[in-house]
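1. with the input below, show me the fold.
(4 chains)
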There are 2 protein chains.
Amino acid sequence: MAYSTPKPVQQKNSISFKELEIESIDFFVRMMSMLGMPKSVGEIYGLLYFSRDPIPMDQIVKRLRISLGTASQGLKTLRSLKAVRTSYMPGDRRDHYIAETEFRRLFANFIKEEITPHMESAKERIERMESVIPSTDHHADEFYQIRIEKLKKLTKASSRLLPALAGLLKF
Amino acid sequence: MAYSTPKPVQQKNSISFKELEIESIDFFVRMMSMLGMPKSVGEIYGLLYFSRDPIPMDQIVKRLRISLGTASQGLKTLRSLKAVRTSYMPGDRRDHYIAETEFRRLFANFIKEEITPHMESAKERIERMESVIPSTDHHADEFYQIRIEKLKKLTKASSRLLPALAGLLKF
DNA sequence: TGCTAATTTCATTTTTTTTTGAAAGCTTTG
DNA sequence: CAAAGCTTTCAAAAAAAAATGAAATTAGCA
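-> Residues are numbered from 1 along each chain as shown, chains lettered A, B, ... in the order given. Got it, this is the predicted structure:
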């Protein structure tokens, strides 16, 4: 038996909700794309952000007119960032999604998932540089040494500061 | 009369410089792509970063095996971020490029050029949301109000914190 | 000023990323 | 335990982004 989703309160009412929803989607599409996320991820989050009720995937598909595959992938991404969570709905076997709205935590997660790994491999790459500094030309050595030192400072500062940043956010 | 570029010191010497150069290019290609910049921009900066001598565009093209168009575009981007500057070479009418290596300043510039404008338009979008809050359902109002408030705090915190961030960097 | 080298622009091509949708894989329940 | 519903996966298609290279423009020199 298929589930007929009862229309939630805000959907019945008015054009203005639809407008708000559109603004929200627009907002998060841009926000997310600044962070390198595909449009669909922003759309899904934007839809959920102003939804009082948890939404199942097939509704997301229908409302955003995206494919099942995209929705599934997008939700997977959002889950891994802990930007959405599923909420249990009695008598319905579909997963219902709800937006996580504590941006501080979202941000911390984003840094942990997307930035930190890159910083680690950057450090390895710098080590490799050091093992390879041209050693013939002594004058040159100093030049390279300084440049490498700068890279070290950059990565060190980044990997300290970025995780700390989330804590600074007061919201 | 065409200019024959005299081979700079580091080019003659050794495999190890070539290796360092490759690591550098690799490093910045990844770094830049985290910031949403195309590969070519990272390549150019990576090449310049470990070059003692300023390099003219045609040499960049030759060494990186990229097209003139790409090089020109990439340098334009880097110039706009103040990540490179041209240095005058007497008796040579080509522009010679040199990498700007103060990351603090680069970072500040990046935020000013790439982030701040987006934050501004985000704020406008939030204002539009406020003008459109569903007004029929009073219970609903509160919900939307809270969500909008969060977005405001997010954008406010971001546009304060991000520009300040560059100052915090100690390198 | 006219000539030539250097650079930029931009329509086209190539590459990369994202989306689609059908098939495979789970999971619940009758 | 079988059938139906929900979700994931993945090869192919579509869309978006980046690179190419030739033509147009600009700038320096003679």
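2. from here on, just use CA atoms for contacts and neighbour counts.
-> Fine.
3. residues from chain A in reach of DNA strand C?
-> Proximity of chain A to DNA strand C, by C-alpha under 7 Å from any atom of the strand, involves residues A:36-41, A:65-70, A:74, A:91-93.
4. from the residues you listed, which ones fall inside helices?
-> A:39, A:40, A:41, A:68, A:69, A:70, A:74 (DSSP state H).
5. nearest to residue A:168, of these?
-> Nearest to residue A:168 among those, counting by C-alpha to C-alpha, is residue A:41 at 26.1 Å.
6. which SS class is residue A:85?
-> Three-state call for residue A:85 (DSSP: H, G, I helix; E, B strand; the rest coil): strand.
7. that one contacts residue A:79, doesn't it?
-> Yes: using C-alpha atoms under 8 Å, residue A:85 is in contact with residue A:79, at 6.4 Å.
8. any common contacting residues for these two?
-> Counting by C-alpha atoms under 8 Å, 6 or more residues apart in numbering or on different chains, residue A:85 and residue A:79 have no contacts in common.
9. what residues of stretch A:97-109 count as buried?
-> A:97, A:98, A:99, A:100, A:101, A:103, A:104, A:105, A:106, A:107, A:108, A:109 (16 or more other C-alpha atoms under 10 Å in any protein chain shown).
10. all strands for chain A, in order.
-> Ranges of strands in chain A, per DSSP state E, are A:55-56, A:84-87, A:96-99.
11. for burial, what's the neighbour tally of the residue nearest to residue A:108 when sequence neighbours are not counted?
-> Closest residue to residue A:108 apart from its sequence neighbours, by C-alpha to C-alpha, 6 or more residues apart in numbering or on different chains: residue A:166 at 5.3 Å. As a burial measure, residue A:166 scores 18 neighbours (other C-alpha atoms under 10 Å in any protein chain shown).
12. state the distance from residue A:166 to DNA strand C.
-> When distance is defined by C-alpha to the nearest atom of the strand, to the nearest Å, residue A:166 is 24 Å away from DNA strand C.
13. what pLDDT does that residue get?
-> The model reports residue A:166 with a pLDDT of 84.
14. now the one 4 residues further on
-> At residue A:170 the predicted local confidence, pLDDT, stands at 71.
15. so who does it touch?
-> So residue A:170 contacts A:104, B:157 (C-alpha under 8 Å, 6+ apart).
16. from DNA strand C, how far out is it?
-> Separation of residue A:170 from DNA strand C (C-alpha to the nearest atom of the strand) stands at 30 Å.
17. filter the buried residues of stretch A:97-109 down to the ones in helices?
-> A:103, A:104, A:105, A:106, A:107, A:108, A:109.
18. and the furthest pair within those?
-> Longest span within those, C-alpha to C-alpha: A:103 and A:109, 9.6 Å.
19. looking at the ones in helices among the residues of chain A next to DNA strand C, spot the one nearest residue A:27.
-> Closest to residue A:27, out of all of those and judged by C-alpha to C-alpha, is residue A:39, at 11.0 Å.
20. that closest one reaches residue A:31, doesn't it?
-> No: counting by C-alpha under 8 Å, residue A:39 sits too far from residue A:31 to count as a contact (9.8 Å).
21. among the residues of chain A next to DNA strand C, the buried ones, what's the ChimeraX command?
-> One line in ChimeraX is enough to select the buried ones among the residues of chain A next to DNA strand C; burial here means 16+ other C-alpha under 10 Å:
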select /A:37,39,40,41,74
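22. what's the most distant pair in the residues of chain A next to DNA strand C?
-> Spatially, the most separated pair among these is A:36 and A:91, at 37.4 Å (C-alpha to C-alpha).
23. does stretch A:98-112 reach DNA strand D?
-> No: against DNA strand D, stretch A:98-112 shows no contacts by C-alpha under 7 Å from any atom of the strand, the least distance being 12.4 Å.
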